[in-house]
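Peer 1: Provide a 3D model corresponding to the input given below.
(chains A and B)
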Protein chains: 2
Amino acid sequence: PIRYGVLLFPGFQALDVFGPVDVFNSLSMLYSFPTKLTMLAKTSGSVETSHQRAGNMMYSHPDTDVSQSMMVNRTFAEQLQLQGGGEEEKEESSLAIDVLIVPGGVGTRGDMSAEIDFVRAIYPRLKAILCVCTGATILARAGVLDGRRATTNKRAFAWATSTGPNVKWVSEARWVVDGNIVTGSGISAGIDATYAFVGLNYGEKIAQELADCAEYVRWMDPDHDPFAERWGLGG
Amino acid sequence: PIRYGVLLFPGFQALDVFGPVDVFNSLSMLYSFPTKLTMLAKTSGSVETSHQRAGNMMYSHPDTDVSQSMMVNRTFAEQLQLQGGGEEEKEESSLAIDVLIVPGGVGTRGDMSAEIDFVRAIYPRLKAILCVCTGATILARAGVLDGRRATTNKRAFAWATSTGPNVKWVSEARWVVDGNIVTGSGISAGIDATYAFVGLNYGEKIAQELADCAEYVRWMDPDHDPFAERWGLGG
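Peer 2: Below you'll find the predicted structure:
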């Protein structure tokens, strides 16, 4: 894969995005692969992480104001136009993406109709999806996980899995690979899912070298998941 | 601490920022503390991660274009004006920051004079600094680490430590706490340094709960550092 797109929405979890994205940042810096990365959202401008303004106050103090805003490079509609309808057209557009990265976050509890429609429309034209945390609910609602094995955030497992009755949800997994879709468990698990993705697509040696550069000790066993038990999912 | 500021510069390492920041995002969502977080940079607008446009091509393919742009909330000059000159003034400004978060990245190899000047000017008016990776070179050059113990990225250790001849650099450490400055080792170590910071300032129970929510297994021993040996620093 060469061209990555990141699906953003208000109330995305920052580490769901930047755990994976920073691996590709380093890949693009330390290795000579042609690599592109594009931030995609429903609307142009910027997208913010704020859980409050995404409609979820949780236990926040009323004076709390914590948010980061990411610049958007292209809207979903613009990306779909560039993506082409078939293999030939796709080859011709240098702005088509090969891989979609889908984060989770409290924003997934709100109106995700634009994001769901986008995933449904673009998936047939992708090589792969790398998904983190409750981002799996977007994929599930788009139907692209139907009949597949997938995992999601363990603390939010009951709600998240309710969005995809035809998905083979795995309650104990750091990440799951099924076909061309890799799903990571909660938040930080996206980092391990990404190194697994890099190992599959660029080779284990490069995945390990990138982890060493980031001073990150990878989880090598996708089934090792102490957080399933921690959040009441057996074990 | 209530008010956090993040120092951004072109070519910052994304995980150096979002490893720590996402912990505070979750703290602000899951606990009822008044919390503020502000993105600071030399200039207003946005700051991008691009290593290429930060003047560092490393091994990049010429067709590579990978960058994320963060919106800046306030410039260094604006923040210094709000920060106040003494304790009384500081109490009066609700926009003063208590804690500065300082990331590293290839951008630290370029012109950091504005960032160094900002750290030197604001440090006496802060409660604490949380620093990650080669961000320690900004602190070292600002003189705020003189006579203190600190650590930094292990792969870049020779260069990074050369920027602070009067710093007591620790070659084997995941993170180091000395007075009101916490320094993390390379990139992903910022996450462990942040949980340690949260443990010190909000209590261990909250630090652990936040890590469980992020499905993150913390490193509990600050001296445990396999990356020192990995990058040729003894062991």
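Peer 1: residues contacting residue A:9?
Peer 2: A:41, A:42, A:47, A:105, A:107, A:108, A:112, A:115 (CB atoms under 8 Å, 6 or more residues apart in numbering or on different chains). (Glycine included, C-beta is placed from N, CA and C.)
Peer 1: From the centroid of chain A, which residue is nearest?
Peer 2: With distances taken as CA atoms, centre = their mean, the residue of chain A nearest its centroid is residue A:102 (2.6 Å).
Peer 1: how about the strands of chain A, start to end?
Peer 2: A:3-7, A:36-41, A:46-48, A:65-66, A:69-71, A:74-75, A:99-102, A:128-132, A:149-150, A:168-169, A:175-178, A:181-184 (DSSP state E).
Peer 1: Out of the ones you listed, which is closest to residue A:224?
Peer 2: When those are compared by CB to CB, strand A:175-178 sits nearest residue A:224, at 10.2 Å.
Peer 1: which residues sit against that closest one?
Peer 2: The contact list for strand A:175-178 (CB under 8 Å, 6+ apart) reads A:148-151, A:170, A:182-185, A:189, A:192-193, A:196, A:200, A:222.
Peer 1: Now do stretch A:177-196: distance from first to last residue.
Peer 2: 9 Å (CA to CA, to the nearest Å).
Peer 1: and it, average pLDDT?
Peer 2: Mean pLDDT, stretch A:177-196: 98.
Peer 1: Could you pull out the buried residues of it?
Peer 2: Counting neighbours by 16 or more other CB atoms under 10 Å in any protein chain shown, one finds that the buried residues in stretch A:177-196 are A:177-178, A:181-196.
Peer 1: Briefly note if the lengthiest helix in chain A comes near chain B.
Peer 2: If you go by DSSP state H, chain A has its longest helix at helix A:14-30. Yes: applying CB under 8 Å from any CB of the partner chain, one finds helix A:14-30 touching chain B at A:14, A:15, A:17, A:18, A:19, A:21, A:22, A:24, A:25, A:28, A:29, A:30.
Peer 1: Low-confidence regions, chain A specifically.
Peer 2: Residue ranges of chain A with pLDDT under 70: A:85-92, A:235.
Peer 1: Go again with 80.
Peer 2: A:57-58, A:84-93, A:234-235 (pLDDT under 80).
Peer 1: And the helices in it, which stretches?
Peer 2: Counting by DSSP H, the helices of chain A are A:14-30, A:76-83, A:87-92, A:113-122, A:135-142, A:157-162, A:189-202, A:204-213, A:226-230.
Peer 1: quick one: buried residues of stretch A:203-219?
Peer 2: Neighbour count says stretch A:203-219 has A:206, A:207, A:209, A:210, A:211, A:212, A:213, A:214, A:215, A:216, A:218, A:219 buried, by 16+ other CB under 10 Å.
Peer 1: coming back round to it: could I get the contacting residues of the residue nearest to the centre of chain A?
Peer 2: So residue A:102 contacts A:7, A:119, A:129, A:130, A:131, A:132, A:135, A:136, A:138, A:139 (CB under 8 Å, 6+ apart).
Peer 1: how deep is residue A:2 tucked in, by neighbour count?
Peer 2: For residue A:2, the neighbour count with other CB atoms under 10 Å in any protein chain shown is 16.
Peer 1: Return the distance of it relative to chain B.
Peer 2: Per CB to the nearest CB, to the nearest Å, residue A:2 is found 8 Å from chain B.
Peer 1: can you check residue A:184 too?
Peer 2: For residue A:184 relative to chain B (CB to the nearest CB), the value is 9 Å.
Peer 1: Help me confirm that that residue comes into contact with residue A:132.
Peer 2: Yes: if you go by CB atoms under 8 Å, residue A:184 and residue A:132 touch, sitting 4.5 Å apart.
Peer 1: Find residues that contact each of the two.
Peer 2: With CB under 8 Å, 6+ apart as the test, residue A:184 and residue A:132 both reach A:190, A:193.
Peer 1: Give me the nearest residue to residue A:110, chain neighbours excluded.
Peer 2: By the measure of CB to CB, 6 or more residues apart in numbering or on different chains, the closest residue to residue A:110 outside its immediate chain neighbours is residue A:55, 5.1 Å from it.
Peer 1: Now do the contacts for that neighbour.
Peer 2: A:11, A:109, A:110.
Peer 1: So which bits of stretch A:22-34 are buried?
Peer 2: Here stretch A:22-34 shows A:22, A:23, A:24, A:25, A:26, A:27, A:28, A:29, A:30, A:31, A:33 as buried, counting by 16+ other CB under 10 Å.
Peer 1: Repeat that for stretch A:139-149.
Peer 2: Using 16+ other CB under 10 Å as the test for burial, stretch A:139-149 gives A:139, A:140, A:141, A:142, A:144, A:145, A:148, A:149.
Peer 1: how much distance is there from stretch A:138-155 to the middle of the chain?
Peer 2: 11 Å (CA atoms, centre = their mean, to the nearest Å).
Peer 1: One more: stretch A:132-143?
Peer 2: That offset, for stretch A:132-143, works out to 9 Å (CA atoms, centre = their mean).
Peer 1: on that earlier part again, what's the most distant pair in the residues of helix A:14-30 next to chain B?
Peer 2: A:14 and A:30 (23.1 Å).
Peer 1: Need the buried ones from the contacts of residue A:9 selected in ChimeraX.
Peer 2: To isolate the buried ones among the contacts of residue A:9 in ChimeraX, judged by 16+ other CB under 10 Å, type:
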select /A:41,42,47,105,107,108,112,115
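Peer 1: ok, and of the contacts of residue A:9, which contact chain B?
Peer 2: By CB under 8 Å from any CB, no member of the contacts of residue A:9 lies near chain B.
Peer 1: Looking at the contacts of residue A:9, spot the one nearest residue B:73.
Peer 2: Closest to residue B:73, out of all of those and judged by CB to CB, is residue A:47, at 15.3 Å.
Peer 1: Identify the spatial nearest neighbour of the closest one, chain neighbours not counted.
Peer 2: residue A:8 (4.3 Å).
Peer 1: my guess is that neighbour contacts residue A:17, does it?
Peer 2: Yes: contact status for residue A:8 versus residue A:17: in contact at 7.2 Å, counting by CB under 8 Å.
Peer 1: Need the residues touching each of these two.
Peer 2: A:70, A:103.
Peer 1: And the two? Which one has more around it.
Peer 2: The residue with more neighbours, out of residue A:8 and residue A:17, is residue A:17; 30 against 26, by other CB under 10 Å.
Peer 1: How about the contacts made by that one?
Peer 2: Applying CB under 8 Å, 6+ apart, we find residue A:17 in contact with A:6, A:8, A:70, A:101, A:103, B:18.
Peer 1: which ones are touching the fourth one?
Peer 2: Residue A:101 makes contacts with A:4, A:5, A:6, A:7, A:17, A:20, A:21, A:129, A:130, A:131, A:132, as judged by CB under 8 Å, 6+ apart.
Peer 1: which residues touch the first one?
Peer 2: Read it as residue A:4. By CB under 8 Å, 6+ apart, the neighbours of residue A:4 are A:24, A:35, A:36, A:37, A:38, A:97, A:98, A:99, A:100, A:101, B:66.
Peer 1: Select from those residues the one having the most neighbours.
Peer 2: Busiest of the contacts of residue A:4 [other CB under 10 Å] is residue A:101, holding 28 neighbours.
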